[in-house]
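Trainee: Show me how the following folds:
(2 chains)
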Amino acid sequence: MTALTSTHGSAPMRRARRSEHAGPLAFASLPLAFLLLLFLFPVARLMLLSVEGGTFANYERALTDGLYVRVLLGTLEIGLYVSAICLVLGYPVAHFLATASRRWATIGFVFLLLPFWTSLLVRTYAWMVLLGRNGVVNRLLLETGVIREPLPLLYNTAGVLIGMVHVLLPFMVFPIYSIMRRVDGGLLLAAEGLGATPWKIFVRIYLPLTLPGVLAGMTLVFILSIGFYITPALLGGGRVLMIAVLIEKQVREFLDWGFASALSMVLLAAALVVYAAFRRLLRSDLQWS
Amino acid sequence: MLTNSPPASAAAADTDLALDGIVRRFGEVTALAGIDLAVHRGELVTILGPSGSGKTTLLKIIAGFELPDEGVVRLKGEDITFAPPAKRGIGMVFQNYALFPHLTVERNVAFPLEMRSVPRAEIRERVAAVLQLVGLADLSARLPRELSGGQQQRVALARAVVFDPGLLLLDEPFGALDRKLREQMQLEVKRLQRRLGLTALFVTHDQEEALVLSDRIAVMSAGRIEQLGTPEEIYAHPVNWFVADFVGESNLFRGRLAVDDAGRPFALMESGMRINVPQSPFAEGSEVGVLVRPERPRLVAGGQQADNVVRGRVVEVIYVGESVKYRLRIDDAHDLLVRWPFRERGGTLNGGDDVTVGWSVSDVHLVAVP
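Mentor: A predicted model of the protein is given here:
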């Protein structure tokens, strides 16, 4: 013990060190209290609701009933599609923003953030106008002769994916963008000088270096997407069931709070599992940075 | 431009890198105003210049990261002026090493070989050999961030030479190292370059480094090569005021050339001080820069003779380890900097001491005044 204290400084010093954290802690105390009260407390309440009466029957039903299992898996599948599409669309956008001139980057950011200035509901209705059988997209394609029959873009998985990708794309772009900004351009020059083709530079240097951003964006988009409600409800037209839609039904139509909260907990658990998995990937990948 | 070697356009058989009339403009600014340079096989040439002299632009043009507005770059006789960097086969050591942070030492060094589709077994062999050569054989599995600055430097060097490049470019690679390590690495780089018979071009703003490392030095200023020559030539016979001032420590006085009754030339300073100078092509009455390197003046005891004798008072004493520098006030307008090995008698002077120093006319070199 004496050896420990001698290597780690005297007691007053340690106290002084510890008190360095007091300032930031005090600063954060109000928001922390806010989160505790309005997030953790309701979650705990919800958890209790799901096991009310001391029985796990709600969970049994959620995890064995074919319908709910199917919807849960379907939800995860849609989450996967949405994150994959967001990645494919978002990676080049992030690269553009990270490398464009100040002027173009600003313009890009305005376009990226524009959707945030309108409400989710309005945006979703706008997509209904665009994607319907007689919507703008179909009419344009018909009139230009690209298609003969209107494409089924609304009230199906395609519509849900389009709407969700639109909403969630910025959440993919930002983490990737911030990582890309930190990539030392000298490394790319060095790779080029050492004989690498542009494709090799991308695969061997740029992609691995930006992977932490990709993983962070995937995590964020996936977790947000599996909890989506309004977009799948409206653009799916009741034909694309996602777990959040079912939860709402349980509460509003069947007043089954216990089952609704059990479903919520399953969703939360799924999100946490995905988060933990990505964290592991991220950590092993971040070894070098 | 004055040079001590044949012009670059006369591409000799043993010329590896030939620059011919390289011009680069950025808008109104001319960064490079016609650079001619020939680097011979196995030679280490340093581009020495202050920041803004155009040396970095020149390096980028040679590496292919920048294109010249005029002129031709040839490597081993081949015109590579517009070849992409990947096709030039030039090994480059960057200022901050530019090691790939996600790859181990071994993978970093293997990178240029992998890009050239060298067979796997051969890659392993060559990487091992070069790591042995730079003394990093034990650290091949480490990531760059787990290495010290000197070790990172060695990895960068190994990566730049592993594929037998036609030319090795070094862009101020020692800037981030502390002095002792820097000197050690300088000698190591030189040894490696000799041993592998590499043709190397080294860019630095550090004149001391340039003098230590180079076979020849090209002193650059404002987009031109002011002088090209061996370190000895550059140090002892700078062609103009800029080179005399930039390379090495110097006493550089401005005076007007005159001739005494016996026909011996001397320079007369505005303060009235007179310094006897050697015969030179400068005309009587022209303004000249009088260069006396600080190690040239000697202490003169009573009765001893010298071509130039001045009395001065020690106003500053600077210890630099093996030698001592003194700033002597020799008249109202001039200080004379002298540097003597520490163990000599001069090692005991103190501030305020009055001394007499002298030097011969052969210790004086004249340059034109800008």
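Trainee: and B:Leu228, what element?
Mentor: strand B:224-229 (DSSP states H and E).
Trainee: Can you give the strand pairings for that strand, parallel or anti for each?
Mentor: Sheet pairing here is set by DSSP bridges, and for strand B:224-229 it gives strand B:2-3 (parallel), strand B:216-221 (antiparallel).
Trainee: The stretch 101-250 of chain A against chain B: which residues are in contact?
Mentor: A:184, A:186-187, A:189-197, A:200, A:204-205, A:208-209 (C-beta under 8 Å from any C-beta of the partner chain). C-beta coordinates here come from the backbone N, C-alpha and C atoms, glycine included.
Trainee: A:Leu63 contacts A:Ala269, doesn't it?
Mentor: No: counting by C-beta atoms under 8 Å, A:Leu63 does not reach A:Ala269; the two are 10.4 Å apart.
Trainee: nearest to B:Thr46, of the strands paired with strand B:224-229?
Mentor: Counting by C-beta to C-beta, B:Thr46 lies closest to strand B:216-221 out of the strands paired with strand B:224-229; the figure is 4.8 Å.
Trainee: neighbouring contacts of the closest one?
Mentor: With C-beta atoms under 8 Å, 6 or more residues apart in numbering or on different chains as the contact definition, strand B:216-221 has outside contacts at B:5, B:37, B:43-50, B:53-55, B:58, B:210-211, B:225-231, B:234, B:242-243, B:246-247.
Trainee: try 6 Å
Mentor: B:37, B:45-49, B:53, B:55, B:210, B:225-228, B:230-231, B:234, B:242-243 (C-beta atoms under 6 Å, 6 or more residues apart in numbering or on different chains).
Trainee: Of the residues you listed, just the buried ones, ChimeraX syntax please.
Mentor: ChimeraX command restricting those to the buried ones, with burial defined by 16 or more other C-beta atoms under 10 Å in any protein chain shown:
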select /B:37,45,46,47,48,49,53,55,210,225,226,227,228,231,234,242,243
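Trainee: Need the nearest residue in space to A:Thr197, chain neighbours excluded.
Mentor: Using C-beta to C-beta, 6 or more residues apart in numbering or on different chains and skipping residues adjacent in sequence, the residue nearest A:Thr197 is B:Ala86, 6.4 Å away.
Trainee: hang on, I meant B:Phe242
Mentor: The nearest residue in space to B:Phe242 (C-beta to C-beta, 6+ apart) is B:Ser221, at 5.2 Å.
Trainee: What segments of the stretch 101-250 of chain B are strands?
Mentor: Secondary structure of the stretch 101-250 of chain B by DSSP state E, counting those that start in this stretch: the strands cover B:167-171, B:200-204, B:216-221, B:224-229.
Trainee: Format the ones you listed as a markdown table; extra columns: mean pLDDT.
Mentor: Converted to a markdown table, these look like this (pLDDT from 0 to 100):
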| stretch | mean pLDDT |
| --- | --- |
| strand B:167-171 | 94 |
| strand B:200-204 | 94 |
| strand B:216-221 | 95 |
| strand B:224-229 | 94 |
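Trainee: Redo those strands as a markdown table? Include distance to A:Leu40.
Mentor: Output for these, formatted as a markdown table (distance: least, C-beta to C-beta, whole Å):
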| stretch | distance to A:Leu40 |
| --- | --- |
| strand B:167-171 | 54 |
| strand B:200-204 | 59 |
| strand B:216-221 | 66 |
| strand B:224-229 | 70 |
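Trainee: quick one on the thing from earlier: which of the strands paired with strand B:224-229 is buried the deepest?
Mentor: Greatest average neighbour count among the strands paired with strand B:224-229 goes to strand B:216-221 (a mean of 25), per mean count of other C-beta atoms under 10 Å in any protein chain shown.
Trainee: So what's the gap between it and the chain middle?
Mentor: In terms of C-alpha atoms, centre = their mean, to the nearest Å, the centre of strand B:216-221 is found 7 Å from the chain centre.
Trainee: now stretch A:180-198
Mentor: Counting by C-alpha atoms, centre = their mean, stretch A:180-198 is centred 30 Å from the centre of its parent chain.
Trainee: Stretch B:196-213 now?
Mentor: For stretch B:196-213 - counting by C-alpha atoms, centre = their mean - the centre lies 6 Å from the chain centre.
Trainee: Okay, buried residues for that stretch please.
Mentor: Of the residues in stretch B:196-213, B:198-207, B:209-211, B:213 count as buried by neighbour count, 16+ other C-beta under 10 Å.
Trainee: can you list the residues of the stretch 51-200 of chain B near chain A?
Mentor: Residues of the stretch 51-200 of chain B lying near chain A by C-beta under 6 Å from any C-beta of the partner chain: B:63, B:65, B:85-86, B:92, B:94, B:98, B:101-102, B:111-112, B:115-116, B:143.
Trainee: Now the buried members of the residues you listed.
Mentor: Here, 16+ other C-beta under 10 Å leaves B:Ala63, B:Pro85, B:Ala86, B:Met92, B:Phe94, B:Ala98, B:Pro101, B:His102, B:Phe111, B:Pro112, B:Met115, B:Leu143 buried among these.
Trainee: a markdown table for the residues you listed, including pLDDT?
Mentor: Below are those laid out as a markdown table (pLDDT from 0 to 100):
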| residue | pLDDT |
| --- | --- |
| B:Ala63 | 94 |
| B:Pro85 | 93 |
| B:Ala86 | 91 |
| B:Met92 | 93 |
| B:Phe94 | 90 |
| B:Ala98 | 93 |
| B:Pro101 | 93 |
| B:His102 | 92 |
| B:Phe111 | 96 |
| B:Pro112 | 96 |
| B:Met115 | 95 |
| B:Leu143 | 93 |
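Trainee: mean confidence for the helix or strand encompassing B:Ala38?
Mentor: In this structure, B:Ala38 sits in strand B:29-40 according to DSSP H and E. Average pLDDT, strand B:29-40: 93.
Trainee: Counting by contacts, list what that strand packs against.
Mentor: With contacts taken as 3 or more C-beta pairs under 6 Å, 6 or more residues apart in numbering or on different chains; DSSP states H and E, strand B:29-40 sits against strand B:15-26, helix B:55-63.
Trainee: Tell me the strands beside it, with direction?
Mentor: In the sheet, strand B:29-40 lines up with strand B:15-26 (antiparallel) (DSSP bridges).
Trainee: Now B:Glu287: closest residue in space, sequence neighbours ignored.
Mentor: Using C-beta to C-beta, 6+ apart and skipping the chain neighbours, the partner closest in space to B:Glu287 is B:Val369 (4.7 Å).
Trainee: before we move on, what about B:Glu183?
Mentor: The shortest distance from B:Glu183 to any residue other than its chain neighbours is 7.7 Å, reached at B:Val212 (C-beta to C-beta, 6+ apart).
Trainee: May I ask which helix or strand of chain B has the lowest mean pLDDT?
Mentor: Least confident element among the helices and strands of chain B, by mean pLDDT, DSSP states H and E: strand B:2-3 (a mean of 46).
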